[in-house]
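> pasting the structure only:
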């Protein structure tokens, strides 16, 4: 008889810890072959609340860390992912039903995405800020600053790359993130949380929930401590509903095309302009 | 004469050619509203009627949007960028030529002192056109990649506090980027926008590139909800800003919102006190405090609070309140009866909640809408006057003991438009500037504006920036951001 | 006592003064320069300015004839109009003091003060002994006011105790015979912070007036410098109860300039300082422009320089 595998329990990632849902709920995720894979947590609004609290308290430390330090930690994630490639490939194949070659291309692209955004961390002010030539004896400059807490609804597929290309730009700019994994394709996100947990990333900067977007989206939209939302994984209808309630605190809500771009980082940043007189 | 009393020094009204009535400016011509409705605009300092203004309803809005769309597709988006730029230069020059006329009309319609319209509003408005004119053929360098595209037809709604300046903030970047616009000035201050329409005619601007429709909130809502608008640019209250965000939530429209504020003005114990006092006065009494970024919460470090307050009161008693047309007036009329009522209502909660009110002795004219320069001391964070935007010449004074406490109090608001820092220590200034959650930080100065300087708020003070490269980007489409 | 006169106590006092932000001070002064002074207030301001003029000649070519002519102008600025007030003072070098005093007395200008520039004016580069003799000489000749210069070299190299001591000694010499005006020479102090510090140093040492400049260095009495000095006398009054006068000198040539100065006084130190005993304007050409503007106001026509006397 062959050896019985030790299966992984897929849990939430909140404030650096791996709790189950406070609701005790789970749901079934099946592979492309319709076979059972896992029972991840079905996150509740209270789990969301806890994740936002964790993100909120982690935000200022992360935003005030040096950009160099943030860049190093993002790069560290890429390094660790590289070592765990096999696991990601297996999960992608099983879940998405793609060939291992396709899965390999996906993880390579995901790793390279981390590396790309890692390099952006300490160039944002130079590239997107400005020294403004006002007419008067004033020194005047504009530089980007993180928004705060950003919620991300990850796309279904590609299940790993879709997570990375939304998450990396959000945290590269100094935000703390609450990522809601795709309901049907959550495995890569959860495994990524294990990578993040071992990457020197301060606890709470990245929080990952699994569950139903349809259930969590209205709570995200109405949560007044959430400053921005990437609605990649939401339907048009869900997006519109979220925008409607999100108007209560003027959430910055965006949907991006699939390309990597610094605008994805700065969309979740504010540009701050400082004036100071020049005199003796 | 006893002592040095300044005799009246009124600016002449003769230069202001205000017509008895104005139509809507659609497709390059002044036309009557479809339903022939109109409303009056008055001088808030005298309550005299200045002119009868056409009221645009849904049908007129539709015409204006159609005219803007035609101009966009047929002319403006096809025109070589450098030619577009030259139109903007022309507009800037004509505004400079007619600056005095604009200043007088602005003061008559708005109630702000002629010194401010003459020295701030009008020159800055012209400067905005001049600045953006130069951008028109340099859009490849904005930072959005090669040949960024305009958004299309932009609906713009502006407030009554800086009527012409806000028009310039809206129209100049929109046109430079290749968009066409339908702009609705505020109901109580339409005149300089209509004068600007004449400038567009004098500049030979192609018909329909700029359309100006006058009306009230209903007109504005019709513009926001028009299906053929690509973007809304709005400056006004946070309440209306949120309503706009809701109305466009299920559309492809994008928006720039410049909304309310409750700016903290922090004075540290090592500040240049005399200049700080000037900055406090400029922060809250400039333009009668009708400024979204007004320094309406004064945060004084406790060990200098008494000294600063004593100097502030002395300085406030020098503020000359009265006829806005007098060149020596510092504080003019409140823009409308409605706004006066609002100022009175919120200020009265200051008394009711136990804060101490102080105003210098000043004689207010009997006609028109007036409010004396006022400070409240003994204010705590929980008072309404410390939380809500009053949009009037009313300052709430709070104190702090340590820099960290000052920042905490400053940031304890849903707004995040602007903040002030007064300290002579460079490292402290930069530390505070970094900590403050606001889009514009004035250190050792206040209420400074420039076309090259991005302006806009954090949190519920709005979306996006206006001015500078960042403001211009809001009128261009991005490679990566999905057009909703 | 605010300071005990020791270098340490002076340095501490000066270090504790609030700094001046240059751009802020410039912009306040520029804003006050936009005040529009018309009709009755202009007439009032012109007469006030005339009465505040320290009519000055400080040239190597000064002669008894020149000084006498100036005295005549001081007493009757406009020979055709007796309603024009007399000027505040005549300001001359030491050797002209006696001539000026005598001439003024003869012409009925007993109330016009004679100010002498002493203490090795304008550079101040002489020994204390010489400066004392210089001052004593002026007092002996009948000077009512001594315009001394501070040792800018000592101030800039941080020897504030020396500056203080020197002013104190000259003040003692003046006693109750003469008012002491202390010239800071702000053009050499360069920064507004220095202007504020030097103002306090002079006031603490016993100055009756603080004066901007010798007139030999530019920039001289710029509006922001006068603003800073007016703030100093205002705050010194709150601190001590003593009112100290201010005298801008140098570069004030037109009625417009003079009226701007009066607006600065009115809105900074306050209306109480609008008085020749607390505010003077050191000038020579200014007086004729004031007279021409006065004629314009009275007649409604622009005046010609041919109708005012050249002295």
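It's in. Owing to the predicted nature of the structure, the values given are computational and were not obtained by experimental measurement.
> quick one: the strands in chain A?
Using DSSP state E, the strands found in chain A span residues A:29-30, A:36-38, A:130-131, A:138-146, A:149-153, A:176-180, A:206-209, A:228-230, A:252-254, A:269-277.
> Of the ones you listed, which is nearest chain C?
Distances from chain C to each of those were compared by CB to the nearest CB, and the smallest falls on strand A:269-277, at 3.4 Å. (Glycine included, C-beta is placed from N, CA and C.)
> coming back round to it: same list (the strands of chain A) but as a markdown table, adding mean pLDDT, mean neighbour count and distance to chain C.
Conversion of these to a markdown table gives the following (pLDDT from 0 to 100; neighbours: other CB atoms under 10 Å in any protein chain shown; distance: least, CB to the nearest CB, whole Å):
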| stretch | mean pLDDT | mean neighbour count | distance to chain C |
| --- | --- | --- | --- |
| strand A:29-30 | 96 | 16 | 63 |
| strand A:36-38 | 94 | 16 | 64 |
| strand A:130-131 | 98 | 16 | 18 |
| strand A:138-146 | 98 | 20 | 7 |
| strand A:149-153 | 98 | 29 | 38 |
| strand A:176-180 | 98 | 28 | 38 |
| strand A:206-209 | 98 | 29 | 44 |
| strand A:228-230 | 98 | 26 | 36 |
| strand A:252-254 | 97 | 21 | 35 |
| strand A:269-277 | 98 | 25 | 3 |
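> need the contact list for the closest residue to chain C within the stretch 301-450 of chain B.
Taking CB to the nearest CB, chain C has its nearest neighbour within the stretch 301-450 of chain B at residue B:327, 3.9 Å off. For residue B:327, the residues meeting the contact criterion (CB atoms under 8 Å, 6 or more residues apart in numbering or on different chains) are B:9-11, B:114-115, C:34-36.
> Pick the one among those closest to chain A.
Nearest to chain A out of those is residue C:34 (CB to the nearest CB; 16.3 Å).
> Which residue is the nearest non-sequential neighbour of that closest one?
residue B:115 (6.0 Å; CB to CB, 6 or more residues apart in numbering or on different chains).
> contacting residues around the one you found?
Taking CB under 8 Å, 6+ apart as the contact definition, residue B:115 lies against B:327-330, C:34.
> helix or strand for it, which one?
Residue B:115 is part of helix B:114-116 when elements are defined by DSSP states H and E.
> The next helix or strand after that helix close to chain A?
With elements assigned by DSSP H and E, the helix or strand that comes after helix B:114-116 is helix B:122-135. Yes. Contact check for helix B:122-135 against chain A, using CB under 8 Å from any CB of the partner chain: residues in range are residue B:127.
> Against which helices or strands is the helix or strand that comes right after helix B:122-135 packed?
Sequence-wise, the next helix or strand beyond helix B:122-135 is strand B:153-157, with elements assigned using DSSP H and E. Strand B:153-157 makes packing contacts with helix B:58-70, helix B:163-176, strand B:180-184, helix B:217-224, strand B:231-235 when contacts are defined by 3 or more CB pairs under 8 Å, 6 or more residues apart in numbering or on different chains; DSSP states H and E.
> let's see 6 Å
Contacting strand B:153-157 under the criterion 3 or more CB pairs under 6 Å, 6 or more residues apart in numbering or on different chains; DSSP states H and E are the following elements: strand B:180-184, strand B:231-235.
> any idea of the angle it forms with helix B:217-224?
Relative orientation of strand B:153-157 and helix B:217-224, computed by axes from the mean of the first three to the mean of the last three CA atoms, to 10 degrees: 160 degrees.
> strands paired with strand B:153-157, and their directions?
Strand partners for strand B:153-157, identified by DSSP bridges, are recorded as strand B:180-184 (parallel), strand B:231-235 (parallel).
> Now do the first one: distance to the chain's middle.
If you compare the mean C-alpha spot of strand B:180-184 with that of the full chain, they lie 17 Å apart, counting by CA atoms, centre = their mean, to the nearest Å.
> For the most centrally placed residue in chain A, give me the pLDDT.
To find the centre residue of chain A, average its C-alpha atoms and take the closest one (CA atoms, centre = their mean): that gives residue A:167, at 2.7 Å. The pLDDT attached to residue A:167 in the predicted structure is 98.
> so who does it touch?
If you count contacts by CB atoms under 6 Å, 6 or more residues apart in numbering or on different chains, residue A:167 has them with A:177, A:179.
> how about the strands of the stretch 51-200 of chain C, start to end?
C:53-56, C:89-93, C:113-117, C:145-149, C:179-183 (DSSP state E, counting those that start in this stretch).
> In terms of secondary structure, what does the second one contact?
Pointing back at strand C:89-93 there. Helices and strands touching strand C:89-93, as assessed by 3+ CB pairs under 6 Å, 6+ apart, comprise strand C:53-56, strand C:113-117.
> nearest to chain A, of those strands?
Relative to chain A, the nearest member of these by CB to the nearest CB is strand C:113-117, separated by 28.8 Å.
> which outside residues touch that closest one?
Contact with strand C:113-117 is made by C:54, C:89-91, C:94, C:97, C:100-101, C:138, C:143-145, C:147, as judged by CB under 6 Å, 6+ apart.
> Repeat that for stretch A:74-94.
The set of residues external to stretch A:74-94 that reach it, using CB under 6 Å, 6+ apart, is A:31, A:100, A:103-104, A:106-107, A:111, A:114-115, A:117-118, A:160, A:187-188, A:195, A:199-200.
> Stretch B:16-32 too?
Identification of contacts with stretch B:16-32 by CB under 6 Å, 6+ apart yields B:33, B:50-54, B:56, B:60, B:63-64, B:67, B:104-105, B:194, B:197, B:207-208, B:211-213.
> Now that we have those residues, which of them are buried?
Buried members of the contacts of stretch B:16-32, scored by 16 or more other CB atoms under 10 Å in any protein chain shown, are B:33, B:50-51, B:53-54, B:56, B:60, B:63-64, B:67, B:104-105, B:194, B:197, B:207-208, B:211-213.
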